[in-house]
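Student: Sharing a model that was predicted from the sequence below.
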4 protein chains.
Amino acid sequence: MRRIGIHSFVWTGGQTQEGLELALEKSAEHGYLCIEFAYLRPELFDLDRLARKAQSLDVQIGVTMGLPIEKDVSSEDIDCVRAGTQMLADAVRAVRDVGGDKLGGILYSAHTKYNRQPTADGWNNSVQAIAETGEIAKAAGVDLVLEVVNRFETNLLNTTAQGMKFISDTGSDHIKLHLDTFHMQIEEASPSAAIRLAADKLGYFHIGESNRGFLGDGTIVWDQIFDALIEIGYDRDVVFESFSTAIVDEGLSLACAIWRDTWTDNDQLARHAKSFIEMKWGEAERRKITNQGA
Amino acid sequence: MRRIGIHSFVWTGGQTQEGLELALEKSAEHGYLCIEFAYLRPELFDLDRLARKAQSLDVQIGVTMGLPIEKDVSSEDIDCVRAGTQMLADAVRAVRDVGGDKLGGILYSAHTKYNRQPTADGWNNSVQAIAETGEIAKAAGVDLVLEVVNRFETNLLNTTAQGMKFISDTGSDHIKLHLDTFHMQIEEASPSAAIRLAADKLGYFHIGESNRGFLGDGTIVWDQIFDALIEIGYDRDVVFESFSTAIVDEGLSLACAIWRDTWTDNDQLARHAKSFIEMKWGEAERRKITNQGA
Amino acid sequence: MRRIGIHSFVWTGGQTQEGLELALEKSAEHGYLCIEFAYLRPELFDLDRLARKAQSLDVQIGVTMGLPIEKDVSSEDIDCVRAGTQMLADAVRAVRDVGGDKLGGILYSAHTKYNRQPTADGWNNSVQAIAETGEIAKAAGVDLVLEVVNRFETNLLNTTAQGMKFISDTGSDHIKLHLDTFHMQIEEASPSAAIRLAADKLGYFHIGESNRGFLGDGTIVWDQIFDALIEIGYDRDVVFESFSTAIVDEGLSLACAIWRDTWTDNDQLARHAKSFIEMKWGEAERRKITNQGA
Amino acid sequence: MRRIGIHSFVWTGGQTQEGLELALEKSAEHGYLCIEFAYLRPELFDLDRLARKAQSLDVQIGVTMGLPIEKDVSSEDIDCVRAGTQMLADAVRAVRDVGGDKLGGILYSAHTKYNRQPTADGWNNSVQAIAETGEIAKAAGVDLVLEVVNRFETNLLNTTAQGMKFISDTGSDHIKLHLDTFHMQIEEASPSAAIRLAADKLGYFHIGESNRGFLGDGTIVWDQIFDALIEIGYDRDVVFESFSTAIVDEGLSLACAIWRDTWTDNDQLARHAKSFIEMKWGEAERRKITNQGA
């Protein structure tokens, strides 16, 4: 584990420059070393100012996003795919411009509850678009990580095995997986086996509870998750994600179906999450040593 | 536990009379004592014939459904609510006519991925509609059970606590909860505590794995579920539910976001599920005796 | 939960006055509000001085012990039983004299790996001895709690159900159970069900990992334990216990079969344990609220 | 997994030839393909007749034992070590003579609750004795597997890591480990990690519940165990072990501290255990396929 980070939606709906800067400050205040923003449209925000603020606080920026349905690169409509590919290229550049080091999320399809089955042509279109984006990202010095999410948020990559196949199909060595415990809890037969399957293709990791609230306030069996991360020698960022109706971003809140206050006090939430992750990571490291020590 | 049942979509997409009759036969063949059908539109099926077949096979019929968005009783549009209330009354009669003993599912809202927050008026409209339906069901000798489902399939009742509040608001002693392990795994802080919270208000129970495939092929910690059912003295039906793209019902498959073959051989699936439930139930009974025996 | 405490053997083998005083200081330094000592023989230690030190540090003392085989009150030999009963009476007085509030442990039998089956006469002798001790303890204002331990450390009370029967047989309302997660992990069908069975008869609680090392470094499923404690409204002391060959008490280390260094740095151990218990307790409280909150 | 077996003490205390033959018959009747006997003293039993019976029933015999304290090869007393080494050589021959294929158990020390710490000299004596026994076993065509057991039954090999070190010290490629879920639940930080650590050095596997009763009637998290066995490609015997005061062998019952009836009906126990192991194994195989299948 390189750094513990936090999703900016713990702090702000993300509609204003002030909100994003506040998120940076709160993250730093709680000792988080990286932050995750949603797609930052350059026309709406002063990216340069954000970059300087992040640098001064020593907080690394990463960006995640999902495509809108009209720019779905897994579509069979070539115009739609083209528009999505363009959006991804723009997003990579925005990440670079804000001083970010990674672009993740649902880059390979729309972020929506689909009402149709995925198709082979759509898969191929998506592979092609992501392969191209991978080249652009590599040149820009930005990591490209694909988030495997649950069935209600995409119809294309719901499992790590599907994600591995997809990456293999791109032929790229730059593209990696972005796994998330909330989604794995729904889709994987065994989340820890999924992490071991991803192994060195795991490029980014989201820690989120099964009900998207406080860590420990759901059904995820955490020790197995951390044991698996330790076992594969995961050495990249681990980012806490939680949603509540207490902080609303119209688009993301609806896409993620957030109808409840799972928390209201985000300071308490952020403080607990960091302690939780640090404690669990330490315990998993100790378990490994204990298991191997004669 | 009174009877172990199985959802008919293990056997058939449910579009034809032949499919439904096959489902009854296969269920009986595997030793299931009840079956769950989706809403049976009287104009499409010979309910009388189905009732006689079920009786001859000694398989009890139950029915579940979700409202379509244009008949959503949790809407703020009074015409929409009225249409939904009428649909529920019709559904109760169809259950009675087919010799069924219960109507369950997402009766209190549409079965859809909502794109708006729930509202207080919508809640009240739904409470009123369900209270009326409860009276009709009581008179018809049909149990009315409300399924608490995950955030992507309704925005109204995602947790048992919400369901208990809703039932209380109806003022009815006839209406009970329909809990489902697949949904609880996503929404509840502790599924076993949720079962204990429901206690004698639990009227129907779905056993489904976290990825909707084979039991044991996901993240649910089953022993705690069965311990809780034993602890509250649950004495009604336990019904196995699983979906795969191997069996497709256009409407339900899309609403439930089924994009994968979690299985292809439904005989193997049904055989395993029954053994699994019986074994787990027996183990939980034994644990209770062991725990209490000096 | 009233107070979080720690067993003195984390700090000292307990052979010297200096060791015991150091243990008090270290416990207070780490924020523990109670400490557990092994039987303090009045002829070896200055109890008065210890009492004053504990009071000045605001650390509550409790005492636990196991009977030696020659004073086993579960023996069929009446002289042996009599000697044990006398020892228990002396122990109650020592607890009172050191300002302690409870006497716990294996009071009802020897603390040993037995090489014979328990007998009905032995059970009755033990019940009688403990009933008498209960009267003395009540008069002295000292709680009497019986520790249910694993099969290798007694042959009489290995399960909570046995403990409940035993307490009932004494006819006393003063005697309660002392449960311990290490022992429950071996003997109970379900540790959480055992805690719920004990309910208001639970008078003292030991938190120890399955291998007696760091919390989290073993097989215990902690969330269920804490959920059960919250559920029964447990409002007495919770005490952390851990053994390593790093700290040796000749008698206790052998009785408990401590052959490994599960830790060497007891400051790190104690710091982690307190954080662990506080975090887990808080998470369980939150789960209860989440589960019940509509 | 090659065969599912059962320990003979489910059927008999093992004091008579008739008891042993009954055990073979009952095991075969329940479909077990191997059986585990305790050390068969050639002067007490007709090994030849037993061998023929086993062969006619197609049940493979294996033998396990623990050394008596006066023949403890981990002693510092050279005569004691010599007597133990001789006993092991005799035991290997008895296994061969009865048509058995393996000798396992606590071969490297006494099977007792020790009252002293292990010593470096004792370790070396034991390594030497086991290395010699390994040569004899190899020549006799008998597998030699060392059972790692809990702290109350030996002071030498309590963890898999210790067992791996021990095997390495013998320099033998013939000696393997014998792991047991009951013991691992007490001693290992993570039983599944322990199985993965053993990997191809795992030569024999005991399935026993945490309280030694019915499978599922304790605290072991079984899915992780079976996942690990599948992951390492374990292809040798898996043997069910359970003890109750319903079946008594004076020596073994006391060494194992069996004070309770965890069951009385051994037919029911054996039937359940076989179904349990088969079902869990199948589920773990399915999980692996599901996890890896895109």
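Tutor: Received the coordinates, thanks. Numbers count the residues shown, from 1 in each chain, chains lettered A, B, ... in the order given.
Student: give me the number of residues near residue A:28?
Tutor: 17 (other C-beta atoms under 10 Å in any protein chain shown). Every residue, glycine included, has its C-beta placed from N, CA and C.
Student: List the residues that contact the residue lying closest to it once chain neighbours are set aside.
Tutor: Excluding the flanking residues, the one nearest residue A:28 by C-beta to C-beta, 6 or more residues apart in numbering or on different chains is residue A:57, at 4.0 Å. By C-beta atoms under 8 Å, 6 or more residues apart in numbering or on different chains, the contact list for residue A:57 reads A:24, A:25, A:27, A:28.
Student: what's next to the helix or strand bottoming out on mean pLDDT in chain A, contact-wise?
Tutor: Here the helix or strand of chain A ranked lowest by mean pLDDT, DSSP states H and E is helix A:250-255, holding a mean of 84. Applying C-beta under 8 Å, 6+ apart, the set of residues contacting helix A:250-255 from outside is A:9, A:13, A:38, A:66, A:111, A:112, A:153, A:243, A:245, B:114, B:115, B:116.
Student: Let's see which of the residues you listed end up in strands.
Tutor: A:38, A:66 (DSSP state E).
Student: Could you save the contacts of helix A:250-255 as a markdown table and add columns showing neighbour count and pLDDT?
Tutor: Shown next, in a markdown table, are these (neighbours: other C-beta atoms under 10 Å in any protein chain shown; pLDDT from 0 to 100):
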| residue | neighbour count | pLDDT |
| --- | --- | --- |
| A:9 | 25 | 94 |
| A:13 | 16 | 89 |
| A:38 | 19 | 91 |
| A:66 | 24 | 97 |
| A:111 | 22 | 96 |
| A:112 | 20 | 96 |
| A:153 | 24 | 97 |
| A:243 | 24 | 92 |
| A:245 | 14 | 88 |
| B:114 | 21 | 96 |
| B:115 | 11 | 94 |
| B:116 | 9 | 94 |
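Student: between the contacts of helix A:250-255, which is nearest chain C?
Tutor: residue A:245 (13.3 Å; C-beta to the nearest C-beta).
Student: quick one: that closest one and residue C:287, what's the gap?
Tutor: To residue C:287, residue A:245 is 20 Å away according to C-beta to C-beta, to the nearest Å.
Student: same question, residue A:111
Tutor: Using C-beta to C-beta, residue A:111 is found at 30 Å from residue C:287.
Student: just residue A:254 next, same as before
Tutor: Taken as C-beta to C-beta, the span from residue A:254 to residue C:287 is 27 Å.
Student: So for those two, which residue has more residues nearby?
Tutor: residue C:287 (22 against 18).
Student: Just give the nearest non-adjacent residue to the more buried one, would you?
Tutor: Per C-beta to C-beta, 6+ apart, closest to residue C:287 is residue B:189, 4.2 Å.
Student: low-scoring stretches of chain A, by residue?
Tutor: A:294 (pLDDT under 70).
Student: switch to 90 and redo it
Tutor: Scanning chain A for pLDDT under 90 picks out A:1, A:13-15, A:39-44, A:245-255, A:261-262, A:292-294.
Student: helices or strands up against the longest helix along it?
Tutor: When chain A is scanned for its longest helix (criterion: DSSP state H), the result is helix A:266-292. With contacts defined as 3 or more C-beta pairs under 8 Å, 6 or more residues apart in numbering or on different chains; DSSP states H and E, the packing partners of helix A:266-292 are strand A:4-7, helix A:17-29, helix A:222-231, strand A:238-240, helix C:266-292, helix D:160-170, helix D:191-198.
Student: which of those is buried the deepest?
Tutor: Of all those, strand A:4-7 has the most neighbours on average by mean count of other C-beta atoms under 10 Å in any protein chain shown, namely a mean of 25.
Student: What helices and strands are in contact with it?
Tutor: For strand A:4-7, the packing partners by 3+ C-beta pairs under 8 Å, 6+ apart are strand A:34-38, strand A:238-240, helix A:266-292.
Student: can we see that at 6 Å?
Tutor: Where contact means 3 or more C-beta pairs under 6 Å, 6 or more residues apart in numbering or on different chains; DSSP states H and E, strand A:4-7 is packed against strand A:34-38, strand A:238-240.
Student: sorry, back to before: determine which two of the contacts of residue A:57 are furthest apart.
Tutor: A:25 and A:27 (7.3 Å; C-beta to C-beta).
Student: hey, what's the spatially closest residue to residue A:27 that is not a sequence neighbour bridged with?
Tutor: Nearest residue to residue A:27, sequence neighbours excluded (C-beta to C-beta, 6+ apart): residue A:35, at 4.7 Å. Assessed by DSSP bridges, residue A:35 has beta-bridge partners residue A:6, residue A:61.
Student: what about residue A:35, how many residues close to it?
Tutor: Residue A:35 has 27 neighbouring residues, counting by other C-beta under 10 Å.
Student: Isn't it up against residue A:62?
Tutor: No: counting by C-beta atoms under 6 Å, no contact exists between residue A:35 and residue A:62, whose distance comes to 7.2 Å.
Student: So which residues on the stretch 51-200 of chain A come close to chain B?
Tutor: Contact residues (C-beta under 6 Å from any C-beta of the partner chain) of the stretch 51-200 of chain A with chain B: A:113, A:115, A:151, A:152, A:155, A:185, A:186, A:187, A:189.
Student: can we see that at 7 Å?
Tutor: A:113, A:115, A:117-118, A:151-152, A:155, A:158, A:185-187, A:189, A:191 (C-beta under 7 Å from any C-beta of the partner chain).
Student: what residues are up against residue A:81?
Tutor: Counting by C-beta atoms under 7 Å, 6 or more residues apart in numbering or on different chains, residue A:81 touches A:73, A:75, A:125, A:129.
Student: just residue A:90 next, same as before
Tutor: Contacts of residue A:90 (C-beta under 7 Å, 6+ apart): none.
Student: secondary structure element for it?
Tutor: In the assignment (DSSP states H and E), residue A:90 maps to helix A:78-97.
Student: on that earlier part again, just give me the closest of the residues of the stretch 51-200 of chain A next to chain B to chain C.
Tutor: For those, the nearest to chain C is residue A:185 (14.9 Å; C-beta to the nearest C-beta).
Student: what number of residues lie near that closest one?
Tutor: Other residues close to residue A:185 by other C-beta under 10 Å number 26.
Student: that's a helix at it, yeah?
Tutor: Yes: under DSSP: H, G, I helix; E, B strand; the rest coil, residue A:185 sits within a helix.
Student: So it sits against residue A:224, correct?
Tutor: No: with contact defined as C-beta atoms under 7 Å, residue A:185 does not reach residue A:224; the gap is 11.2 Å.
Student: who touches both of those two?
Tutor: residue A:191.
Student: ok, and does stretch A:178-188 reach over to chain C?
Tutor: No: on the criterion C-beta under 7 Å from any C-beta, stretch A:178-188 is out of touch with chain C, staying 14.9 Å away.
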